[in-house]
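Peer 1: Whatever this is, show me its structure:
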Amino acid sequence: MKKYKITLLLSAFILTTNFVVAQKVTITPTPSDTTVSHTKPVREPTIHIGNSLTGGRQTKDAILENPCMSVVGGEVEWSILSYRVTFVRQVNGNGVEDAPITVRGACFTNEVISKIKSYPAGTNVEFSDIKIQSSAGVKIVPTVLMVQLN
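Peer 2: Numbers count the residues shown, from 1 in each chain. Model (predicted):
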């Protein structure tokens with residue numbers, strides 16, 4: 001009976017010692033445990049008005065030479081879904097903003113073309129809420145393109 005007590009006590013001591021030692025062990029990751037990958041940043045798409053216009057003072061003829069918008073964006077093929085056109089005219093020194101016109105597709109509507117033709121020099125034409133699409137999905141371009149009629 002005494003032999004079993006000693007064996008039992010010795011077994012309990014070994015188990016307790018192993019348990020305490022196991023709790024103090026810390027596991028540190030090795031370089032093979034992690035993966036490093038490098039991704040190439042995707043260039044932000046650039047919106048063009050007409051023939052490569054991106055804003056500034058432009059003549060009506062330059063804008064209406066190609067009355068559409070286009071997107072250039074590196075390796076990704078983009079298309080214009082819709083955008084909003086707002087005309088801001090100067091009346092007695094104050095800016096008067098017309099109601100925005102929503103255009104579906106890339107090309108200007110007849111209403112936008114007629115307003116560009118009829119509004120005087122100094123009128124600002126703002127292109128905003130430009131929604132573009134690629135194979136990856138739909139994106140809204142955060143910039144506002146502004147062209148001043150010359």
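Peer 1: and after the lowest-mean-pLDDT helix or strand in the chain, which helix or strand comes next?
Peer 2: Lowest mean confidence among the helices and strands of the chain (mean pLDDT, DSSP states H and E): helix 2-23, at a mean of 56. Sequence-wise, the next helix or strand downstream of helix 2-23 (DSSP states H and E) is strand 46-49.
Peer 1: and after that next one, which helix or strand comes next?
Peer 2: Taking DSSP H and E, what comes next after strand 46-49 is strand 56-58.
Peer 1: for that next one, what is the average pLDDT?
Peer 2: The pLDDT scores in strand 56-58 average 95.
Peer 1: Pull out the buried positions in it.
Peer 2: Going by neighbour count (16 or more other C-beta atoms under 10 Å), the buried part of strand 56-58 is Gln58. C-beta here means a position set from N, CA and C on the backbone, and glycine is covered the same way.
Peer 1: Ok, stretch 87-101 next?
Peer 2: Phe87, Val88, Arg89.
Peer 1: Then stretch 63-75?
Peer 2: Ile63, Asn66, Pro67, Met69, Ser70, Val71, Gly73.
Peer 1: pLDDT averaged over it - what is it?
Peer 2: 90.
Peer 1: Stretch 141-150 too?
Peer 2: Here the average pLDDT along stretch 141-150 is 93.
Peer 1: for that stretch, how far is the first residue from the last?
Peer 2: One end of stretch 141-150 to the other measures 26 Å (C-alpha to C-alpha, to the nearest Å).
Peer 1: and Val103, how many residues sit next to it?
Peer 2: Look at Val103: counted by other C-beta atoms under 10 Å, it has 21 neighbours.
Peer 1: Thanks a lot, see you next time.
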